[in-house]
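Q: Generate coordinates for the sequence data below:
(chains A and B)
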Amino acid sequence: MAQIIETATKPLQAVDVDVVTIDLVENGLRNARYEMDEVLFRTALSPGIREQHDEFPLIANRDGKMVVGQFGLSVPDFLENFAGMIEEGDVLLTSDPYACGAAISHANDWLIVMPIFHEGHLIGWASQFGHMSDIGGKTPASMPTDARTIYEEGVVIPPFKLFKKGVLDEDALNIILNQVRKPDWNRADLNGIVAACRTASRRVQEMCARFGIDTYNSALEALLERNYRAMKILLAMVFEEGKTLSFEDYIDDDGRGHGPYLLKLSLTRQGDKVTLDFSGSAPQAEGPINYFINENLVRMFFGIYMITVADPQILWNDGFYPLVDVVIPEDSFWKPKFPAALNARNHGIGRIFDLFGGLLGQTNPNLLNAAGFSSSPHFMYSGNYSDGKRKGEWFQLYSIGFGGIPGRPLGDGPDGHSLWPSFVNIPSEYLESYYPLRVEMMETIADSGGAGLHRGGNGVDVAYRFLEPGTIAIHDDRWLTYPWGVNGGEPGARGTKWIERKDGTREVLQSKLHDYPVERGDVLHFVTWGGGGWGDALLRDPELVALEVRRGLISTEGAARYGVVLTGDHQVDVKGTEELRSKLAANRPSPLPTFNMGGSMESILANALEETGLPAPERPVAL
Amino acid sequence: MKYRVGVDVGGTFTDILLMNEETGETFRAKTASTPEDQSIGMLRGIERACQQAGISLSDVGDVLHGTTVATNAILEGKGARVGLVTTKGFRQVLQIARSFVPGGLAGWIIWPKPEPLASLENTVEVRERIGADGSIVEELDEADVRAQLTKLKAQNVEALSISLINSYTNGAHEKRIAQIAAEIFPGMAISISSEVLPELREYERAITTVANAYVQPQARLYVDNLQSQLDNADMKGKLFLLRSDGGLVSSGYASANPVSLLMSGPAGGVTGAAWVAEQTGYRDFLTLDMGGTSTDVALVQNLAPRIGRETMVGDLKVRATSVDVRTVGAGGGSIAHVPQLTQALRVGPQSAGAVPGPAAYGKGGELPTVTDANVVLGYLPTVLAGGEITLDRDASVKAVEAIVEASSLGSVESAAEGIIQIVNENMLGALRLVSVQQGFDPRDFALVAFGGAGPLHANAIGKLTGAWPVIIPPSPGVLCAYGDATTNLRNESVRTLIRKFSDLSDEGLKTMLEELGASARSLLDDEGVAKKDQSVTYSADLRYHGQGFEIPVTIDIDAFDGKGGGITALKKAFDAEHEHLFSFLLNNEHELVTVRATAHGPRPAISASQLPAGTADASGAYDRDTEIYVDGKKAVAKIYDRTKLKAGNIVAGPAIVTEMDSTTLILPDHEATVHPSGSLLIQPSSAR
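A: So this is what the prediction gives:
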C-alpha cells in the first residue's frame, strides 16, 4: 500500500456545494479530460496513438476514484500494489498488469499515474495509459500470437517512479527503452502522456484556486453521489428483483489452435445492488487471449452502457461502484494465473461490449443493439528496405481496422466505423508515404451487414500491396462465430483474411498470426466483419433497399434477404416484392428469435472448413 | 473614392456600414434580409445609408461583403447534387469517413450518422493510380473516365468534384478528368482536389473538395446576381467578399473557391473586433460573439487573429484556412433543462431558435431559455430602446419556474442565475480552447464582446477569465460589417512537401517560397494593387518526423542567408511553439509538411470617428432605475442610453446600457469607461 506524503496538516473540510457549482466543476473536469487527449494526440509519434488514438485518460479524486474518464484504470488498485512513499512531483509508470491489479491488461499499455497536489494537500490523481506500438520481445509490435507466458511479450515494467520529486530517472528510462524496437516512438508517446497528466494536474489546481480546495473536493463527492443516485434509480427501474439474466458469447480461438472459448456473464439484482458474475466462462487459455479484467473496469463498462441513453451529458464517474458487486472466477479467461500471456486481450475487451449489450438489452430495449464490431483487429507489417536510398532501414507498422457498427434501436449501423471512442483509421496516403505498401482498395463489403429493419453496418475490405519483403502479423476474431442479430435481425458476415501471392495463388490466413513472411507484390485482403441486423428485415422500406443497391451497399441478391425484388434498373418491383415478402414470412418461425447467432455451435464448427477455409479449432486444453 | 460600404447579411437582418474613408464617419442601416434575393435588402440598406450621408449610389466605391451563402447551403442541406470521381478502390471514402464515431464509450449507440455530402450513387471510381511520390503507377484510362462521367450525367448531378489518391503530389490525372468532364458537362462548376486542397490525407481532401462543389452553384449565382444588381444600380466600385481567414477576395475568386467562404460571417466579426480594439489601444484580445443559438470565440494576438487549418460547419469538418473560431452551442435561445435521472442543470445545446424563440418573445415559446433567465433577473429590460420591442416578463418567469420544480434551486431568481452561470461556463469552455489550451493566459488579453447577446454576458465572462478590459464596441450588432469594411485584400498559395529538414536546403526552400509568393501576388496584381502596396508573409506547418499533427510557424524570409540560417530559424520557431504548447521537446528530426505564402493588399486608411468629450459624470445619458437580481440578492441598477454617452463618461455598476441592437450589463463593483472611439471599456472598479 502506497504511503502519501502531504505537507499540509489541516484536514480538508466537507462543505455544502450548490448544484450550479457542481455543474461548473463537472464542466471543468470534462474540458480537462479532453485536453489530455489533445495534448497526447498532437505530440505522439507512434501511429497507434497519433493517428488512431489508442489511449485513455482519467482524473480521480484524492481517494483515486475516477471523476472523469472512460476507461477506469483503477488508481486504487495501483496504489494498493505499490509499496513506497508518493509525494508531490512524483510520476509513476508501470506496464505490468499483474502488479497493479489489472489496472492495465497487457504489457503494451504503459500507464502513468500522477498525484495532484494543491497547497500541500493531495487533491486528486491524473492518469493515462497508451498502447506502445512495440515493447520488444520476440516479434515486431510485441504481440506474439503463440505466447504462453508474459515473458514472451517484451519488457514488463514494474511500478516505479519515472520522476522523483520532478526529476526524471533517466537511467531507468534508458534501460527500458533499450528493450524496444522503436525507442523514439515510446519516448515521445511517454512524454506526451506525462505532459497530458501535467495538464490535467494544472487544470485541477486552477479549479481549486477558483472554487477553494474544500469546495472542489466536496463538489467531487457530490458528482460521485449524483452517479450513485442515478444508478440506483436506473437499476431498480431496469432489473427485476431476484431474477438472474445471463448471456453467452465466444472468443473463437486462442492463437494456438484451441477454441472456441465460452464467455458468460450473469446479472442479478437484490435490493439496491446488482451482482455481475463471470462464472461459467472458460478457464484460462493457453494462448495470449486472456483478458485479465479489473473489477472496477467491469463496473464502469456496465455503468456506461446503462446511463449513456439516460443522460448523455453526464460526466461519467465511479460513484455508483458500491452498487455493483463483481464475481470473477480464479484461473479463468478473465483472471488468469501469473505468468499467463495477455497480449491479445483486445478481443476480450471488445466482446465484453457484446456481452453487456446482449445481457442488458434483454430488459432494456433502448440498449438492445445487435452484435457489433466488438474488437480492434490489428495489422502489423515490418521489415528492412531491400534497396533504394533507404536500403537497410527498418520499418514497422501497427494499425487498427474497423468494421460494421451493429443495427441499433436508433437506426442502421454505420458502415466501416469504429465502436471505440475517438479512434480513426490511418489515411491510405499516410501509409503510402511512410511505408513500402500501396492500398489498392478500401471499401465496405456489400451484404456483410446483417439484414434487418435497421441494417448492420458493412465490414471493410482493405487490400494492401506490399512493396518490400517483410513479415506481417494479424490479430482478429469472429472468423468462426457470427456477429449476432437481434429482434429478428440476421447476423452480420464474419471476417476473413487472405493473401494473393504474386504468382496468383490464394491463401486464407489464420485470424491470429505473426512473423508471417510476405514478398514484394503480394496483396493482403484484410476483411473485417459486419454488424448484426436489428429487427425484421421484411419490414425495411423497399425503396431504401433499392437505394442501397444503387449505392453498392447491398447487392441485388442481397436485396432478396429483405424480400425486395428489383427491376433491371434497380427500382423496386412492387408486386414482386409483395409476393416474395409474403412467401418468406410464411416460411419462418414466429415470433422471430430475439437473438440470431447464425446456427448452433455444432453446425458452425462442422461447417468451418468449408465456409471459412480454415479448420475448426481444437478443444481448449486444460492447463 | 471617398466611401466604401461593408455589408453583412444575417439570417434576420442585413447590416450596412457606409464609411467615409477620410473622416472615418460612419452611417449605419439595418434592414430586413431578403432571402429570396439578398441583393434587394442589400441595395435597400445601401440606399438608406447613402441618404443619411447625403450621397448617391454612384458615389459609393468598393462593396465589401461577408456572406453566409455557403455556410447556409451546408447547414440547411440545400447545396448542389454533387458528383464525385475517385480512384478505383476508394469509392466509399466519404462513406467510411475515417471510421470516426463521436462521443464516448457507447457513444455509437446514440449517434445518428449524417449522410455523405456526395451520395454514394453519385460517386464513381476510375482506373488510374498515382504513387505517394507522384509517379504514375497506372495511366489514366480515359475511356473508363468517359463511361463513368456518362453515368454521373444520367444521375443529373449539378456540380462535379474530383479527388484522386495521391493527387496532392501530382494533379495531372485530375486535370485531365476535368478537361473531359468539361466536354460532357458544359458550363458545370468543377472542383478538383489538387487545386482546392493539395494536401495529404485522402478523406480530408475529398470532403473539402466535395464541400466546395456542393456550395459552388449557389455561391456563383449569388455573387453573379449581386454583381449585376450593383452594376444596374450604377455603382462603380468593385465587389469583394470576405474569406474565412479574414481577408478580402474578388468576387470571381470567391465563386470559384466558395469553400474558403464558410467562415466568412464569423471572420467578419473577428476582423471587426480587431479594428475596434485597435482604436482603444488593445492589440491582444479574445472575442466573444454570442448570438441566438451559438457563440463564436477566437484569440487575436497583436491585432492578427490566430489562423486555423480547419473549418467546422454543423457536422461538417473541412480543411480550409480560416480564423480559428470555436463555436459552442450556447446562445440567447439555448434551452435549460433538468434530466430527471441526474437532476443536473443543463443548458443547451438545444435552442429555441427564432421560432418559437424564448418565452419572453411571446411567439409561442414556452421552454426556459437563456434570454428568459436574463429577463427574470432584470438584465434585459422589458422595454428596449425606442420601445420597438417589448418582452413578456411573466412568460419568462413561468418558463423558468419549470426549472425550479425539477431541481433543488429554491426560486426563479436562483434558477435563472444558475442558467446564466452554466451558459457562461459553456462559453468559458470555448474560450479556454483558444487560450489556455494553446498556451495563452487569458489574463494577458482583453475581451471584445459583441453579437446580440454578447454584451449582456461579457462582464461575467471577464470575471471568469480575468481578461480585462471587456470591450463593448459601438453598435455590437453590426460589428461584422465593420470587419468587412476595414480589412484588406488577401490571397494564399500553398504546397505540401513532407520533407525532413535534412532533405532541405536554404536556397531550395527560399526559391520555392518566392515562387509561392509570386503566385499569391498574381491575384492582387489582377486587382490592380500596385506591387509596392503588396506585402507577403510566409508560414510553414512543421512537426517532428513521425508526428501526426503539424504546428503552424511563421517563416522569416530574411533569415534565409543561403548558409542554413533560414532552416535554423524555422527549427527554433517550431521548438519554441512546441515547448509553449506541450512543455517538452524531442530529439527527433524536424519535418516540413506544408508551406504557404499569403499576399496582403494595403489596409484601407480609415480614421475612426470620435465621440464628443465629456466628464466622468454619465448622468447625461441616465434614463431610469430598474430592479435586478445579482449575486443572490436584489439590487437597483441604473439604465443608460448609449447614444447619449460621451467620451470619458464612467458608468458604475450595477448598470444597464441600452442601444438599438444590444444591451450591456455592468455588474456591481465594475464600471465602464466610455472611450473616445465609442467603445465601452468595462473593468473592476478596483482597477482604477
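Q: which helices and strands sit right next to the host helix or strand of B:S255?
A: Per DSSP states H and E, B:S255 falls inside helix B:251-256. When contacts are defined as 3 or more CB pairs under 8 Å, 6 or more residues apart in numbering or on different chains; DSSP states H and E, helix B:251-256 sits against helix B:202-232, strand B:239-242. In this view, the C-beta of every residue, glycine as well, is placed from N, C-alpha and C.
Q: try 6 Å this time
A: helix B:202-232 (3 or more CB pairs under 6 Å, 6 or more residues apart in numbering or on different chains; DSSP states H and E).
Q: And chain A, is the helix it packs on touching that?
A: Yes - counting by CB under 6 Å from any CB of the partner chain, chain A has neighbours in helix B:202-232: B:E202.
Q: Could you pull up the mean pLDDT of that helix?
A: Mean per-residue pLDDT for helix B:202-232: 93.
Q: can you check stretch B:177-191 too?
A: Averaging pLDDT along stretch B:177-191 gives 96.
Q: How about the residues of the stretch 1-150 of chain A by chain B?
A: Contacts of the stretch 1-150 of chain A with chain B, taken as CB under 6 Å from any CB, map to A:19-20, A:23-24, A:27, A:31, A:35, A:39, A:42-43, A:45, A:50-51, A:70.
Q: hey, where'd the helices end up in the stretch 1-150 of chain B?
A: B:38-53, B:69-75, B:93-96, B:142-154 (DSSP state H, counting those that start in this stretch).
Q: In terms of secondary structure, what does the helix or strand of chain A with the lowest mean pLDDT contact?
A: One helix or strand of chain A scores below all others by mean pLDDT, DSSP states H and E: helix A:47-50, with a mean of 80. Contact partners of helix A:47-50 among helices and strands, from 3+ CB pairs under 6 Å, 6+ apart: none.
Q: How far does that helix sit from its chain's centre?
A: Helix A:47-50 has its C-alpha centroid displaced from the chain centroid by 15 Å (CA atoms, centre = their mean, to the nearest Å).
Q: can you list contacts of it?
A: A:44, A:54-55, A:130-131, A:133, A:189, A:398, A:426, B:548 (CB atoms under 6 Å, 6 or more residues apart in numbering or on different chains).
Q: and A:P589, that's in a strand?
A: No - assessed with DSSP: H, G, I helix; E, B strand; the rest coil, A:P589 is coil; it does not lie in a strand.
Q: list the buried ones in whichever strand or helix holds A:R465?
A: Following DSSP H and E, the helix or strand that holds A:R465 is strand A:460-466. Buried residues in strand A:460-466, counted by 16 or more other CB atoms under 10 Å in any protein chain shown: A:460-466.
Q: Is it possible to get CSV of those residues that adds pLDDT and distance to B:D575?
A: Shown next, in CSV, are those (pLDDT from 0 to 100; distance: CB to CB, whole Å):
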residue, pLDDT, distance to B:D575
A:V460, 97, 39
A:D461, 97, 43
A:V462, 98, 37
A:A463, 98, 40
A:Y464, 98, 36
A:R465, 98, 38
A:F466, 98, 37
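Q: hang on, the earlier thing: who wins for most neighbours among the contacts of helix A:47-50?
A: A:A44 (30 neighbours; other CB atoms under 10 Å in any protein chain shown).
Q: Skipping adjacent residues, who's closest to that residue in space?
A: In space, and not counting its chain neighbours, A:A44 is closest to A:R50: 4.2 Å by CB to CB, 6 or more residues apart in numbering or on different chains.
Q: Counting by contacts, list what the strand holding A:R465 packs against.
A: strand A:437-444, strand A:523-527.
Q: Mind doing that once more with 8 Å?
A: Looks like strand A:460-466 contacts strand A:378-384, strand A:437-444, strand A:523-527 (3+ CB pairs under 8 Å, 6+ apart).
Q: how about the residue nearest the centre of chain B, secondary structure?
A: Of all residues in chain B, the one closest to the mean position by CA atoms, centre = their mean is B:P266, 2.7 Å from it. Assigned by three-state DSSP, the conformation of B:P266 is helix.
Q: what do you get for A:A8?
A: Classification of A:A8 using three-state DSSP returns coil.
Q: what's near enough to touch it?
A: Residues near A:A8 by CB atoms under 8 Å, 6 or more residues apart in numbering or on different chains: A:119-121.
Q: For B:Y253, give its distance to chain A.
A: Separation of B:Y253 from chain A (CB to the nearest CB, to the nearest Å): 27 Å.
Q: Check what pLDDT that residue gets.
A: For B:Y253, pLDDT reads 87.
Q: burial measure for the closest residue in space to it that isn't next to it in sequence, as a count.
A: Of all residues not flanking B:Y253 in the chain, B:L523 sits nearest, at 6.3 Å (CB to CB, 6+ apart). For B:L523, the count of nearby residues is 20 (other CB under 10 Å).
Q: quick one: B:L523 from A:E206, how far?
A: Using CB to CB, to the nearest Å, B:L523 is found at 45 Å from A:E206.
Q: do you know which of the helices and strands packed on strand A:460-466 lies nearest chain B?
A: strand A:437-444 (3.5 Å; CB to the nearest CB).
Q: The closest one near chain B anywhere?
A: Yes - applying CB under 8 Å from any CB of the partner chain, one finds that strand A:437-444 is in contact with chain B at A:438-444.
Q: Any stretches of chain A with poor pLDDT?
A: A:71-73, A:308-315, A:373 (pLDDT under 70).
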